[in-house]
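Q: quick one, what's the 3D model for this:
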Amino acid sequence: MRSKPTDVEARLWMQLRAGQLQGLKFKRQVPIGNYIADFVCFASKLIVEVDGGQHNGSKHDEIRDAWLRSQGFVVLRYWNNDVLCNMEGVLTDILHHATPSPSVPLPRGEREAKPSRRSSRITESPSPLVGEGLGRGGGSLARKPPPRESQP
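A: Reported below is the predicted structural model:
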């Protein structure tokens, strides 16, 4: 899979590559420990996974994600259908979670990405988006948004 991405991964990569998503630098098919992340933004310690139906309820994915989180990463998982039918929602959700972490040294030659306008910190809270049956994991688009805080 490292040399030949799925069609859905290739579609998302076209949106993430070359800093196209607000200057965030993503890499694809990156080995991290014993695992290979579909997409990773080291500046934000953010991993994005695109999953087919075979991942539904996967214990291996739960163990993998727990280990990646223990290494300081936020792991977002999206179903193939999310990427195909709601690319804008997926990208918005990624931006919501993507914020540079000042305590993380960047890999050699990397520059720190600018923070997202939507968020000033890394979080695993759900996106403010609402959709039915979309997303899973930390970046689930299926959950309702938290109540808005009133402006003073």
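Q: element containing Leu16, please.
A: Secondary structure from DSSP states H and E places Leu16 in helix 7-16.
Q: whoops, Gly23 was the one
A: For Gly23, there is no enclosing helix or strand under DSSP H and E.
Q: how much space between it and Gly53?
A: 33 Å (C-beta to C-beta, to the nearest Å). C-beta coordinates here come from the backbone N, C-alpha and C atoms, glycine included.
Q: and the two? which has more neighbours close in?
A: Legend: neighbour count by other C-beta atoms under 10 Å for Gly23 and Gly53, higher for Gly23 (14 against 8).
Q: quick one, phi/psi of that one?
A: phi 80, psi 0 (degrees, to the nearest 10).
Q: do you know the pLDDT at it?
A: Residue-level confidence at Gly23 comes out at 94, pLDDT.
Q: now do the same for Leu95: its pLDDT.
A: pLDDT, Leu95: 95.
Q: for whatever helix or strand Arg28 lives in, packing partners?
A: In this structure, Arg28 is located in strand 27-32 according to DSSP H and E. Counting contacts by 3 or more C-beta pairs under 8 Å, 6 or more residues apart in numbering; DSSP states H and E, strand 27-32 is packed against helix 7-16, strand 35-41.
Q: report the inter-axis angle for the longest one versus strand 27-32.
A: Meaning helix 7-16. 110 degrees (axes from the mean of the first three to the mean of the last three C-alpha atoms, to 10 degrees).
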